[in-house]
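Engineer: my questions concern the predicted model and sequence given below.
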Amino acid sequence: MAEYRIDELARLAESTVRNIRAYQDRGLLPPPRLEGRVGMYDDSHLARLRLIGKLLARGYTFAIIKDLLSAWETGKDVGEVLGLEKVLTDPWSDEIPGTATFEELVEIFGAGLDEDEVARVRQRTIEIGLIEPEGEKYRVPSPRLLHVGAELVAAGIPLDSVLDIAEEIRADCDVIAGRFVNLVEEHVFHRLEGPSGTEGGDKGGDEAGNEGGNEGGGDSDEVAEVAAVVRRMRPLVKMVVEPFIARAMETRVQAALGERLETIRDALGEQPGR
C-alpha cells in the first residue's frame, strides 16, 4: 500500500493540509502512522478524504458525515444513504424541460391581449409553475402542460379559464401526493422509528450517536427500506391515478354527452314536419 506525506495526500485528494488537519480534529480522518515525527498516510486515508470531499460538495454537514463514516467503518453501506438521497431528489417525470422566449409565449397565449393583460397572464403562469424566468428566456418545466394549455385555448376556451383549471388541478394533485406520502409515513416511516421517536431508536446525546450501538446494521437496513419504498411509489402513483381519472372521464363525458343528445333530440322532435 502506498504511503504519502500530508502535503502529497492533500494534492492527490484535491484538498489542503489545513483541511486534512481539521478533519482529523473532528474525528473524520484517522491519525497517520508516525515515522519519527513525520506522519505517513496511506490509500485508506486518500479514499476517506475523497469521500469527505464528495459528501461536503453534496451539502452534508460534518456531523452527518461523521455518522456516515462511522457506519462505513462498521461495515454498513454509505452508498445506501447516498442512494436514498438520489431517490428523494430525482425528478418523478422523464419529461425533459424546455425553453421559450417571451415572443413565443405571446404567440401561443397572448393573441388579442393588450400589454397589461399579457403582463398579468405571464405573472399567473409563473405563479402556477408553467414557466420560470431564466435570463432572457423562460424555462418550461413541463412542455406537455404548456401544450395542453395551448390546445385548450385553440379549442376556444378562454385563457383565464384554462389558468383557473390549471391551478385547481395542481391543488388536486398536491392532495393526491399528500395522501400517498401520508400513507408511507404512517405505515413505513413510523414503523422504523424507535421508542424515542427517532429513527433506529435512542442514539444517545453525542454527535456520533451510532458509535457502539445499532448492532446488526439497523440504520442501514432502514435507509435501504425507505429508499425501496420511495422507488416503488414512482410507478404506483401513475398506475393508480391514470385508471381512476380515465374512469371518471368516461362517466362524466357520457353523462354530459347524453344530456346534450337528449336536448338535441327533443329540439329536433319539436320541429314542424317531424
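Structural biologist: The structure has been received and is ready for your questions.
Engineer: now the strands for this structure?
Structural biologist: Taking DSSP state E as the criterion, the chain contains strands spanning 3-4, 33-35, 38-42, 98-100, 132-134, 137-140.
Engineer: and the fourth one, what's its mean pLDDT?
Structural biologist: Meaning strand 98-100. Strand 98-100 carries an average pLDDT of 93.
Engineer: got it, and the last one?
Structural biologist: Strand 137-140 carries an average pLDDT of 93.
Engineer: and that strand, what does it pack onto?
Structural biologist: Helices and strands touching strand 137-140, as assessed by 3 or more CB pairs under 8 Å, 6 or more residues apart in numbering; DSSP states H and E, comprise strand 98-100, helix 102-109, strand 132-134. In short, each C-beta sits where N, CA and C put it, glycine included.
Engineer: and for the third one?
Structural biologist: Contacting strand 38-42 under the criterion 3+ CB pairs under 8 Å, 6+ apart are the following elements: strand 3-4, helix 6-12, strand 33-35.
Engineer: how about a cut-off of 7 Å?
Structural biologist: Under the contact criterion of 3 or more CB pairs under 7 Å, 6 or more residues apart in numbering; DSSP states H and E, strand 38-42 touches strand 3-4, helix 6-12.
Engineer: okay, and for the stretch 51-200 of the chain, where does confidence drop off?
Structural biologist: For the stretch 51-200 of the chain, the stretches with pLDDT under 70 are 71-90, 191-200.
Engineer: ranges for the helices of it?
Structural biologist: Counting by DSSP state H, counting those that start in this stretch, the stretch 51-200 of the chain has these helices, from start to end: 62-73, 78-89, 102-109, 115-128, 143-154, 159-184, 190-192.
Engineer: for Gly218, give me the pLDDT.
Structural biologist: The model reports Gly218 with a pLDDT of 48.
Engineer: can you check Ala246 too?
Structural biologist: For Ala246, the pLDDT comes out at 92.
Engineer: same question, the one 10 residues further on
Structural biologist: pLDDT, the model's per-residue confidence, is 83 for Ala256.
Engineer: got it, and Ala224?
Structural biologist: With respect to pLDDT, Ala224 scores 69.
Engineer: ok, back up a step: possible to save the helices and strands packed on strand 38-42 as JSON lines with mean pLDDT, distance to Arg252 and mean neighbour count?
Structural biologist: Below are the helices and strands packed on strand 38-42 laid out as JSON lines (pLDDT from 0 to 100; distance: least, CB to CB, whole Å; neighbours: other CB atoms under 10 Å):
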{"stretch": "strand 3-4", "mean pLDDT": "90", "distance to Arg252": "70", "mean neighbour count": "17"}
{"stretch": "helix 6-12", "mean pLDDT": "92", "distance to Arg252": "65", "mean neighbour count": "16"}
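Engineer: distance to Phe109 added to those, as TSV?
Structural biologist: Formatted as TSV, the entries for the helices and strands packed on strand 38-42 read as follows, by distance: least, CB to CB, whole Å:
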stretch	distance to Phe109
strand 3-4	61
helix 6-12	55
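Engineer: list the buried residues in stretch 35-47.
Structural biologist: Along stretch 35-47, these residues count as buried under the neighbour rule (16 or more other CB atoms under 10 Å): Gly39, Tyr41, His45, Leu46.
Engineer: what residues does the third one make contact with?
Structural biologist: In other words, His45. Listed by CB atoms under 7 Å, 6 or more residues apart in numbering, the contact set of His45 reads Leu9, Leu29.
Engineer: swap the cut-off to 10 Å and go again
Structural biologist: For His45, the residues meeting the contact criterion (CB atoms under 10 Å, 6 or more residues apart in numbering) are 3-4, 6, 9, 12-13, 20, 23-24, 29-33, 39.
Engineer: repeat for the last one
Structural biologist: Leu46 is in contact with Ala2, Tyr4, Glu8, Leu9, Leu12, Ala13, Ser15, counting by CB under 10 Å, 6+ apart.
Engineer: for the fifth one, which non-adjacent residue is closest in space?
Structural biologist: Leaving out its chain neighbours, the residue that sits closest to Leu12 by CB to CB, 6 or more residues apart in numbering is Leu46, at 5.8 Å.
Engineer: same thing with the fourth one?
Structural biologist: Here the nearest residue to Leu9 in space, its sequence neighbours aside, is Tyr41; by CB to CB, 6+ apart that works out to 4.6 Å.
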